[in-house]
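**Student:** Sequence plus predicted model, see below.
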Amino acid sequence: MGRPMAVVPKSAVIASADAQLRRSLAKSLSEMRWQVHEAGGGAEAMACLEQQPTEVLLLDHWLPDLEVGEFARQIQDMYPEVEVLDVNGEVVAGGWRGGPHKELLHVLRDAGDAARSRAGAVQEQRKARDECGSSAGRILSAVAAEEMDRGAVIDGMVGSSAAMQEMARLIQLVAPRSTTVLIEGETGTGKELVAKAVHRWSARANKPFQVLNCAAIPEALLEAELFGHTRGAFTGAVNSRTGRIEAAHGGTLFLDEIGEMPLALQAKMLRFLESGELQRVGENETLRVDVRVVAATHQHLERRVQEGGFRMDLYHRLAVFVLDVPPLRQRREDIAALCEHFLAELGRSSPRKRMSPELLARLMEHEWPGNVRELAHVLERAVILAEDTATLDVTHLRQRRFQN
């Protein structure tokens, strides 16, 4: 007998500046055994298509660096075998061939609606408040009701503690300006949410919000990723590519983990911040762009400066306005509201869970070294371990660090 043929996964590229939409679509397709690659813009999507065979390209209605219709037609010319659809399942260019990809239509409708709508989660929270019978549920629902009735402190951020109120005040003060912002805080505190809030509350809200994690990209590629490159600028540069700075023109560039940026690149970043001009790798001409920079770090940058790992002049250029995101242990009064929020999110794809008073008390006592991200993961694991049980309790934690 011959060897059984290996199953080749179906491959899709999702091109959208909306990270939440990308994550939602990628999760749904991955569950259907699709191999998914995410791209924040047209240039990044093009690079994905160059690197591996792709069956379907899913395009959002707007891209930060390229006009969608023209980009779709270019893809059809270069890759006629690729289906090009928008995120609602409509054909963007070429003809719909259907076949094995018909399953995409249902996924695209559901995932697109879920990523764009928060109203359903709010209604679910109110329903849970009305139906909840346990004392822990009443505590959680009362907190959530207060949050919903008077609105969130800042869109996307959960909590009404004094620390969060002060964070909201500072965001509202600095957002309307073009001031460079440095966000400091421990891992898992939600620094990207703060950066998005600064962008949404600014006059640039309808312009691109570009994200670059300086720790996630190899040092050799980071400069080209930031500033872009021309064709042939280095080995593997088969096409010119728009950098993240240029793609953010008119909007905001969020540089996460800025403390990991190499010293040589820090000098080039400083020149851009001072002049507003950039030079693509392999090109002599300079381009002038209008970009607001928001940076974030979990490191103590002043200490990094003293140790010689970060430029002092760049630090002072970034730290014009500093936002310190409080760790979760310093705003324990927000834990109940956060739990309600995460359980509502988890309840989108499975039956809604409640919490026992004992579990809430245990969560309130924990130090949360991983902050809000750790809380979200703990609740997700508890929901999985609870199986069909409607109420979560301490037995569903099953983690040594929660033991007395």
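**Tutor:** Right, received. Where do you want to start?

**Student:** how about the strands in the stretch 1-150 of the chain?
**Tutor:** Secondary structure of the stretch 1-150 of the chain (DSSP state E, counting those that start in this stretch): strands at 10-15, 34-39, 56-59, 83-86, 91-93.

**Student:** winner for burial among the ones you listed?
**Tutor:** Mean neighbour count (mean count of other Cβ atoms under 10 Å) peaks for strand 56-59 among the strands of the stretch 1-150 of the chain, with a mean of 26. All C-beta atoms are positioned from the backbone trio N, CA, C, and that covers glycine.

**Student:** pLDDT below threshold where in the stretch 301-404 of the chain?
**Tutor:** 398-404 (pLDDT under 70).

**Student:** how about a cut-off of 90?
**Tutor:** Residues of the stretch 301-404 of the chain meeting the criterion pLDDT under 90: 336-337, 340-341, 343-361, 384-404.

**Student:** can you give me the strands in it?
**Tutor:** Using DSSP E, counting those that start in this stretch, strands in the stretch 301-404 of the chain cover 321-324, 354-355, 391-392.

**Student:** Contacts for the first one, please.
**Tutor:** Residues outside strand 321-324 that contact it (Cβ atoms under 8 Å, 6 or more residues apart in numbering) are 167, 170-171, 174, 179-185, 194, 198.

**Student:** now do 6 Å
**Tutor:** L170, V174, T179, V181, L182, I183, E184, V194 (Cβ atoms under 6 Å, 6 or more residues apart in numbering).

**Student:** next one: the last one
**Tutor:** In this structure, residues lying in contact with strand 391-392 by Cβ under 6 Å, 6+ apart are K353, R354, M355, S356, L359, A382, A386.

**Student:** wouldn't the first one be in contact with V383 here?
**Tutor:** Yes - between K353 and V383 a contact is recorded at 5.4 Å, counting by Cβ atoms under 6 Å.

**Student:** Any chance of the strands of the stretch 301-404 of the chain in CSV with distance to K27 as columns?
**Tutor:** Formatted as CSV, those follow (distance: least, Cβ to Cβ, whole Å):
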stretch, distance to K27
strand 321-324, 30
strand 354-355, 25
strand 391-392, 22
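
**Student:** got the ones you listed as CSV, with mean neighbour count and distance to G69 columns?
**Tutor:** Formatted as CSV, these follow (neighbours: other Cβ atoms under 10 Å; distance: least, Cβ to Cβ, whole Å):
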stretch, mean neighbour count, distance to G69
strand 321-324, 16, 39
strand 354-355, 24, 48
strand 391-392, 20, 48
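
**Student:** out of those strands, which comes closest to W34?
**Tutor:** Taking Cβ to Cβ as the criterion, strand 391-392 is the member of the strands of the stretch 301-404 of the chain that comes nearest to W34, at 31.6 Å.

**Student:** The closest one pairs with which strands, and in what direction?
**Tutor:** Sheet pairing of strand 391-392 (DSSP bridges) gives strand 354-355 (parallel).

**Student:** For P326, which non-adjacent residue is closest in space?
**Tutor:** Leaving aside its sequence neighbours, P326 sits nearest to A163 (Cβ to Cβ, 6 or more residues apart in numbering; 4.2 Å).

**Student:** which two from the contacts of strand 321-324 end up farthest apart in space?
**Tutor:** Maximum pairwise distance among these (Cβ to Cβ): 15.6 Å, between T179 and E184.

**Student:** Look at the two and report which has more neighbours.
**Tutor:** Higher neighbour count among T179 and E184: E184, with 20 against 15, using other Cβ atoms under 10 Å.

**Student:** Distance of that one relative to H298?
**Tutor:** Distance of E184 to H298, computed by Cβ to Cβ, to the nearest Å: 8 Å.

**Student:** any idea where the helices of the stretch 101-250 of the chain begin and end?
**Tutor:** With DSSP state H, counting those that start in this stretch, the ranges of helices along the stretch 101-250 of the chain come out as 103-116, 119-131, 135-150, 162-174, 191-200, 219-227, 244-247.

**Student:** Quick check, pLDDT for G151.
**Tutor:** With respect to pLDDT, G151 scores 38.

**Student:** hang on, the earlier thing: mind putting the contacts of strand 391-392 into CSV with distance to R303?
**Tutor:** Converted to CSV, the contacts of strand 391-392 look like this (distance: Cβ to Cβ, whole Å):
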residue, distance to R303
K353, 42
R354, 44
M355, 39
S356, 43
L359, 38
A382, 37
A386, 43
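
**Student:** Helices - which of those land there?
**Tutor:** L359, A382, A386 (DSSP state H).

**Student:** now that we have the residues you listed, which one has the most neighbours?
**Tutor:** Busiest of the ones in helices among the contacts of strand 391-392 [other Cβ under 10 Å] is A382, holding 24 neighbours.

**Student:** who touches L314 in this structure?
**Tutor:** Q266, L270.

**Student:** mind checking how far G228 is from F272?
**Tutor:** To F272, G228 is 12 Å away according to Cβ to Cβ.

**Student:** Then Q299?
**Tutor:** Taking Cβ to Cβ, one finds Q299 at 22 Å from F272.

**Student:** Looking only at neighbour counts, state which of the two leads.
**Tutor:** F272 (19 against 14).

**Student:** So what's the residue count around the closest residue to the more buried one other than its chain neighbours?
**Tutor:** What sits nearest to F272 in space, not counting adjacent residues and going by Cβ to Cβ, 6+ apart, is L278, at 5.3 Å. Other residues near L278 come to 21 when the count uses other Cβ under 10 Å.

**Student:** With H199 instead?
**Tutor:** 23.

**Student:** Can you read off the pLDDT for it?
**Tutor:** 93.

**Student:** Could you do L49 as well?
**Tutor:** 87.

**Student:** In contact with it, which residues?
**Tutor:** Here L49 is in contact with Y79 (criterion: Cβ under 6 Å, 6+ apart).

**Student:** Would you mind measuring from it to A12?
**Tutor:** Separation of L49 from A12 (Cβ to Cβ) stands at 11 Å.
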